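In: show me how the following folds:
(chains A and B, ligands or ions: 2)
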Amino acid sequence: MPKVYNWQIGREMDYPYEGARPKKQFAMLFDTNKCIACQTCTVACKTTWTPGRGQEYMFWNNVETKPYGYYPLGWDVKILEQHGVQDVGGPVYKGKTLFESAPSGERILGYLPEDLDYAHPNVGEDDSFGDMQQGELLQIPHMQWMYYLPRICNHCTYPACLASCPRMSIYKREEDGIVLLDQTRCRGYRECVKGCPYKKTFFNPITRVSEKCIGCYPAVEGGRQTQCTITCIGKIRLQGFIGKPDEIREDNPIDYIVRVAKIACPLYPQFGLEPNTYYIPPVHVPPRYLVQMFGAGVERAIAGYRKAADDEKLLGALLLFGATPMIIHHYKVEAGVSIGFDEKGGELVRVPLREAIHVRAAFDEQHQAYRTNIT
Amino acid sequence: MSTRWGTRLVLAAALALVAGEVGAQMAELRVVRVREKGPFRDPAAAFWKDAPATPVALLPQAMTLPNNLKPAVQSLQAKAVHDGKWLALLLEWPDATRSDRIVVDQFGDQVAIEFPAEFKKDALPSPMMGNPGGRVEIWQWRAAFQQDLERGRPQVTNDLYPNAHADVYPDELLRAIDARPYMGAVGVDNLITHADKSPVLEQLAEGWGSLTIQPDDQRADGKGVWADGTWRVVVTHPLAGGEGHVGFAPGGESAVAFAVWDGGSREVGPRKAWSTWAALKLAE
Ligand code: SF4
Ligand code: SF4
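Out: Ligands and ions are numbered 1, 2, ... in the order given. Got it, this is the predicted structure:
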């Protein structure tokens, strides 16, 4: 089996196909600290792509509460348990990937969810971790914690869905790295549903074939960010392209955040898929929990995020989240303003690094009225 | 893992070579001529009593990944008849559960009949779905398709999930052509999605993963009946072949192979039981 280089785990690994990185790689950034689980993204995706028959409980985008929320039920703990305890500590991952753990007769270690696992997309919503002991008082920061985890298909560099399909019905586009499932080729074997550890391929019982997130490719082809990104109320998302690991471009906001400032981490890098969604981890959650979820770099990421205000370039990149519906390919920070550009260098948006503060007198002379602070 | 794949490929090649000729040790399926006129769709028709039964051993598909080395069905029994115009095969195998409800964790029962697209006695394609240049034709009967025809295509709010409620679907609001993008594989006319006329799909293959439905050549028909833990499935097809398609003539011969999937054991795609070639001999 070919060996491919997976930069998230810092080493080569087995993959059924030769490694060929696309010309551009679709990527998504989430700032989990800002997500309020309003599900606007979920609804935007649903109304755009999955309102049809057989898609009633299919959510290409979902937002779950961690640690107790899952969609489908137990998706991550089930595969982690099957995989067994792995050493996720160092920059070079010493454990096995899911491809390397494939049981006899399989291409990858996976499991097929049960039908009812999809029936409660909001299970565990807002449940926090940890008990209040007798006599304890509420403290800041809170002793109990939970956080929101938005999820889409990761348009992985080494997709398990693609690797699992014996018919090669799933392909990764050379032009943008988006992973698509051919609706004319699929025969509904559900190997991809079994193989994808993120459970982001779904089976449609009406069409009897599988379906998955299409990365809003018609929008992306037109230079627009995905529906879930541009509708996000919390402005927690940035969608664009991530450079190749050996071609880091500092003027690409995604490269800057992920590869230069290193404040965003992939989800379960130890699976071995090199997923292309990156999470700014929640700063209030115990590192022990976060490390198994986002990999070894998570503590450094949190430290870097806490100091974002000291790094103008980082602050500038973070302020581009939710600033424009268009895909930002380049940016620069100049005279206290972060400026985003499209692929051809056209200016898309300007965001001030610091909003001016206006202090208004309590009494409005012109209208002879007191101003009331409505917040 | 790489060695495991490698070994299987070598084994597959060896087996394909062994199977590449009609040998004396091959099982034989005699196609008897009957007076009744086709197409034949009744597994309970009286004339089946006159057709000799050929037992067919089924082996686990173990050559490519993924697979299931302990498939539920180990053998089937085949009979065949023709009337000079129509060919029909009757296949019987034990299956304790009838599986025709398709949801994410439930799979359907299926059976497939395979022929070399072009019969050359000393150069048969691989019985394992053919090989590049060695094309095979595959007629596949599906229990779920049988259900579609007998009870109508299942709907979410009645057959599949009887207590479900859904407010409105795009196809209730839009013109048919505009609703297509919201219908996934149905909207792009993928014939795997449901059966309108026949429970049998007619397909071509030249190796694993290459199985392709022929939208313009869907002449196979049939019917499956499940009773007392047994599937009895008839598949029928005109003897005459079209351009590039398998054809038969009274007194002629060909080769035939089979595959069975037990939906209740989650057998699907390459997770199946299959047979090697048997000789097919048509009576005058
Ligand atoms: S729209 Fe934004 S803030 Fe709301 S749930 Fe989705 S990701 Fe979170
Ligand atoms: S997240 Fe799953 S469905 Fe998406 S590309 Fe990766 S393996 Fe495929």
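In: do a quick rundown of the helices in the chain.
Out: Assuming you mean chain A. Using DSSP state H, the helices of chain A run over A:40-49, A:75-83, A:160-164, A:191-195, A:217-221, A:227-230, A:253-255, A:287-294, A:298-306, A:312-318.
In: to clarify, I was referring to chain B.
Out: B:2-18, B:143-151, B:170-173, B:176-179, B:184-187.
In: returning to that earlier point: can I get the helices of chain A in a markdown table including mean pLDDT and distance to A:Q368?
Out: Just so you know, the C-beta spots here come from the backbone N, C-alpha and C atoms, and that holds for glycine as well. Below are the helices of chain A laid out as a markdown table (pLDDT from 0 to 100; distance: least, Cβ to Cβ, whole Å):
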| stretch | mean pLDDT | distance to A:Q368 |
| --- | --- | --- |
| helix A:40-49 | 98 | 41 |
| helix A:75-83 | 98 | 61 |
| helix A:160-164 | 98 | 67 |
| helix A:191-195 | 98 | 68 |
| helix A:217-221 | 98 | 51 |
| helix A:227-230 | 98 | 43 |
| helix A:253-255 | 98 | 48 |
| helix A:287-294 | 95 | 55 |
| helix A:298-306 | 97 | 46 |
| helix A:312-318 | 98 | 41 |
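In: of the ones you listed, which approaches B:S265 most closely?
Out: Nearest to B:S265 among those is helix A:191-195; the distance by Cβ to Cβ comes to 14.7 Å.
In: contacts for the closest one, please.
Out: A:107-108, A:110-113, A:160-166, A:170, A:181, A:199, A:201-203, A:210, A:212, B:66, B:104, B:269 (Cβ atoms under 8 Å, 6 or more residues apart in numbering or on different chains).
In: go again using 7 Å as the cut-off
Out: Helix A:191-195 has contacts (Cβ atoms under 7 Å, 6 or more residues apart in numbering or on different chains) with A:107-108, A:110-112, A:160-161, A:163-166, A:170, A:201-203, A:210, B:66, B:104, B:269.
In: filter these by proximity to ligand 2?
Out: Contacts with ligand 2 within the contacts of helix A:191-195, counted by Cβ under 6 Å from any ligand atom: A:A160, A:C161, A:T201.
In: so the residue nearest the centre of chain A bridges to which residues?
Out: Among the residues of chain A, the one closest to the centroid is A:T277, at 3.6 Å (Cα atoms, centre = their mean). Using DSSP bridges, the bridge partners assigned to A:T277 are A:M28.
In: which residues of chain A lie near ligand 2?
Out: Chain A comes close to ligand 2 at residues A:153-156, A:159-161, A:179, A:196, A:198, A:200-201, A:212, A:273, as judged by Cβ under 6 Å from any ligand atom.
In: most widely separated two among those?
Out: A:K212 and A:L273 (13.8 Å).
In: between these two, which one's more packed in?
Out: A:L273 (33 against 22; other Cβ atoms under 10 Å in any protein chain shown).
In: would you confirm that the more buried one contacts A:A160?
Out: Yes. Here A:L273 lies in contact with A:A160, judged by Cβ atoms under 7 Å, at a distance of 5.5 Å.
In: what count of nearby residues applies to residue 182?
Out: This is for chain A. By other Cβ under 10 Å, the burial measure for A:D182, its neighbour count, is 16.
In: correction: the question concerned chain B.
Out: 19.
In: ok, residues contacting stretch B:193-200?
Out: Residues from elsewhere that reach stretch B:193-200 (Cβ under 7 Å, 6+ apart): A:207-209, B:139-142, B:145-146, B:148-149, B:153, B:185-186, B:218, B:220-224, B:235.
In: in the sheet, which residues pair with A:M326? Tell me.
Out: A:R224.
In: hmm, back to that, now the residues of chain A next to ligand 2: which count as buried?
Out: Neighbour-count burial (16 or more other Cβ atoms under 10 Å in any protein chain shown) applied to those gives A:153-156, A:159-161, A:179, A:196, A:198, A:200-201, A:212, A:273.
In: sketch out the low-pLDDT regions of the chain for me.
Out: You didn't say which chain, so I picked chain A. Applying pLDDT under 70 to chain A flags the ranges A:374-375.
In: you answered for a different chain; I wanted chain B.
Out: B:1-24.
In: where do the strands sit along it?
Out: Remark: strands assigned in chain B by DSSP state E are B:28-33, B:54-57, B:59-60, B:75-82, B:86-94, B:110-116, B:136-142, B:200-205, B:212-213, B:221-227, B:230-238, B:253-261, B:273-274, B:278-282.
In: could you redo those as a markdown table and give each row mean neighbour count?
Out: Formatted as a markdown table, the strands of chain B follow (neighbours: other Cβ atoms under 10 Å in any protein chain shown):
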| stretch | mean neighbour count |
| --- | --- |
| strand B:28-33 | 18 |
| strand B:54-57 | 15 |
| strand B:59-60 | 16 |
| strand B:75-82 | 22 |
| strand B:86-94 | 23 |
| strand B:110-116 | 25 |
| strand B:136-142 | 25 |
| strand B:200-205 | 23 |
| strand B:212-213 | 16 |
| strand B:221-227 | 19 |
| strand B:230-238 | 23 |
| strand B:253-261 | 24 |
| strand B:273-274 | 24 |
| strand B:278-282 | 20 |
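In: got these as a markdown table, with distance to A:P325 columns?
Out: Formatted as a markdown table, the strands of chain B follow (distance: least, Cβ to Cβ, whole Å):
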| stretch | distance to A:P325 |
| --- | --- |
| strand B:28-33 | 64 |
| strand B:54-57 | 61 |
| strand B:59-60 | 53 |
| strand B:75-82 | 59 |
| strand B:86-94 | 57 |
| strand B:110-116 | 47 |
| strand B:136-142 | 45 |
| strand B:200-205 | 44 |
| strand B:212-213 | 40 |
| strand B:221-227 | 53 |
| strand B:230-238 | 54 |
| strand B:253-261 | 47 |
| strand B:273-274 | 52 |
| strand B:278-282 | 62 |
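In: how about these in TSV, adding distance to ligand 1?
Out: Formatted as TSV, those follow (distance: least, Cβ to the nearest ligand atom, whole Å):
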stretch	distance to ligand 1
strand B:28-33	60
strand B:54-57	55
strand B:59-60	46
strand B:75-82	52
strand B:86-94	51
strand B:110-116	41
strand B:136-142	40
strand B:200-205	42
strand B:212-213	40
strand B:221-227	47
strand B:230-238	48
strand B:253-261	41
strand B:273-274	47
strand B:278-282	59
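In: A:C35 is in contact with A:K235, isn't it?
Out: No. A:C35 lies out of contact with A:K235 (Cβ under 7 Å); the separation is 10.0 Å.
In: who has more neighbours out of those two?
Out: A:C35 (21 against 15).
In: grab the nearest non-local neighbour of that one.
Out: Closest residue to A:C35 apart from its sequence neighbours, by Cβ to Cβ, 6 or more residues apart in numbering or on different chains: A:Y148 at 4.2 Å.
In: please apply the same query to B:R153.
Out: That would be B:H194: by Cβ to Cβ, 6+ apart, it lies 5.0 Å from B:R153.
In: tally up the residues packed near the one you found, please.
Out: Neighbours of B:H194 (other Cβ under 10 Å): 21.
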